[in-house]
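J.: here's a sequence, model it:
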Amino acid sequence: MAFLGGLSLNFLPAEVPAQMPAQWWDEVLGVAVYGGVSPTGWPQYVPSVHVSMPPLSGADGACEVWRARGPLVDGTLAGIRYRRNESVIFGCIELPEGEFAGQDMAESPSGLHRATRSIYERLFTLLDEMRYPGLLRVWNYLPGINLETDGSERYWQFNAGRQDAFIQCGRTTGGNVPAACALGSAAGPVALYFIAAREAPVAIENPRQVSAYRYPERYGPRSPTFARAGLSRPHGSPLLFVSGTASIVGHETCHHGDATAQTVESLRNIEAVLTEARRHAVDARFGLQDLAYKVYVRNPDEFEIVQSAFEAHLACDVPVLYLQADVCRSDLLVEVEASAGHGVEYAL
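T.: Below you'll find the model as predicted:
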């Protein structure tokens, strides 16, 4: 299969990239580092983001490395570091909320709201300037996602800031929106990284779930702005990004307090998304066994329970990175994301 822009994904221990020869970096779009290990000894031109979110499979740190065929061009615009080829662009930014303390208090009392809005406005500025309008996938990480500060839950503040930026920058807030996730990190600034392409993806929804952008107000005054998945196939072969997926049917959390059942329900939802993707593109014949995964587990003590449920349901070996993270609803214990249609190397 010919991959979009030669796109591929590597899951590696955090210390491995520094040991790679110089030519290995020639096709690295960008890196997300998880855990307590900060990247050192890497080329300065490679965009990287460090997320305080420990791996659960034994390593002190893990890397998610996105690669693409060159030639690659790198730079910085509006505070976002990026690297791109003719087909795809990777970008990342880390922005402390403290930079927005006390600003625009009449409009919003929340520094997180203002930081999120600023990040997304910068993101859209970059995509417009570089002419990559097809935002495929966004990863959002913020500390204290379930805490209540400044009069509301922080995840609600994040959703409001994101939606404000979509509106301000002339983007739709429902329908053809990008795949995304938002998870709670242990500490640090608001961190975001993304992949975009020259052509817009097709948003995929899940018939088992209410679209996130149509959630009732009980989940916050502003709805989350993301699709359940995004399907792109500008070069004739499909590339699929499945958003963070949890144990939600309709709009209700299912299986309260049961990590095993929540894991299985999350995978059922991903199966439903894969079925919908096949209806949009007959060559998007992805099954659960064809995906690369990240699994976020709220309680580290339940890691083995989640891992066992995950492996039993798939009944095959797949690339998967397990991370400890808070999920966007306090009653959700697990979230699963996935992607397919790109190369994969797994060395964890």
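
J.: got the contact list for Asp290?
T.: Ala340 (Cβ atoms under 8 Å, 6 or more residues apart in numbering). C-betas here are computed from N, CA, C, even on glycine.

J.: secondary structure class for the most centrally placed residue in the chain?
T.: What sits nearest the mean C-alpha location of the chain, by Cα atoms, centre = their mean, is Trp139, with 2.8 Å. Assigned by DSSP: H, G, I helix; E, B strand; the rest coil, the conformation of Trp139 is strand.

J.: surely it touches Val190?
T.: No: contact between Trp139 and Val190 fails when scored by Cβ atoms under 8 Å: they sit 11.6 Å apart.

J.: tell me where the stretch 1-150 of the chain has helices.
T.: Using DSSP state H, counting those that start in this stretch, the helices of the stretch 1-150 of the chain run over 111-130.

J.: show me where it dips below the pLDDT cut-off.
T.: 1-5, 102-107 (pLDDT under 70).

J.: one more time with 50, if that's ok
T.: 1-4 (pLDDT under 50).

J.: returning to that earlier point: quick one: contacts for the residue nearest to the centre of the chain?
T.: Going by Cβ under 8 Å, 6+ apart, Trp139 touches 32, 180-181, 192-194.

J.: farthest-separated two in these?
T.: Greatest spacing in these, by Cβ to Cβ: Ala32 and Ala180 (14.3 Å).

J.: what is the longest helix along the chain packed up against?
T.: Using DSSP state H to define each element, the chain has its longest helix at helix 259-280. When contacts are defined as 3 or more Cβ pairs under 8 Å, 6 or more residues apart in numbering; DSSP states H and E, helix 259-280 packs onto strand 202-204, strand 229-232, strand 239-245, strand 248-249, helix 303-314, strand 334-340.

J.: inside strands: which ones of the contacts of Trp139?
T.: 32, 180-181, 192-194 (DSSP state E).

J.: burial check on Glu304, number of neighbours?
T.: Number of residues near Glu304 (other Cβ atoms under 10 Å) recorded here: 12.

J.: residues of the longest helix of the chain that come out buried?
T.: 259-270, 272-274, 276-278 (16 or more other Cβ atoms under 10 Å).

J.: report the angle between the helix or strand just after that helix and strand 239-245.
T.: Downstream of helix 259-280, the first helix or strand assigned by DSSP states H and E is strand 292-297. Between strand 292-297 and strand 239-245, the angle comes out at 10 degrees (axes from the mean of the first three to the mean of the last three Cα atoms, to 10 degrees).

J.: using PDB, write down the CA coordinates of stretch 52-70.
T.: The C-alpha coordinates for stretch 52-70 follow below in PDB (Å, rounded to 0.1, in the frame of the first residue of the first chain):
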ATOM      1  CA  SER A  52       4.000  14.600  31.600                       C
ATOM      2  CA  MET A  53       2.200  11.300  31.100                       C
ATOM      3  CA  PRO A  54       4.100   8.200  32.200                       C
ATOM      4  CA  PRO A  55       4.100   5.000  30.200                       C
ATOM      5  CA  LEU A  56       2.600   1.900  32.000                       C
ATOM      6  CA  SER A  57       4.600  -0.800  30.300                       C
ATOM      7  CA  GLY A  58       7.900  -0.500  32.200                       C
ATOM      8  CA  ALA A  59       9.800   2.200  30.300                       C
ATOM      9  CA  ASP A  60      10.600   5.500  32.000                       C
ATOM     10  CA  GLY A  61       9.700   7.300  28.800                       C
ATOM     11  CA  ALA A  62       8.300   6.500  25.400                       C
ATOM     12  CA  CYS A  63       8.400   8.300  22.000                       C
ATOM     13  CA  GLU A  64       5.800   8.600  19.400                       C
ATOM     14  CA  VAL A  65       7.700   9.400  16.200                       C
ATOM     15  CA  TRP A  66       6.000  10.500  13.000                       C
ATOM     16  CA  ARG A  67       8.000  10.100   9.900                       C
ATOM     17  CA  ALA A  68       7.500  11.000   6.200                       C
ATOM     18  CA  ARG A  69       9.500  10.900   3.000                       C
ATOM     19  CA  GLY A  70      11.500  14.000   2.200                       C
END
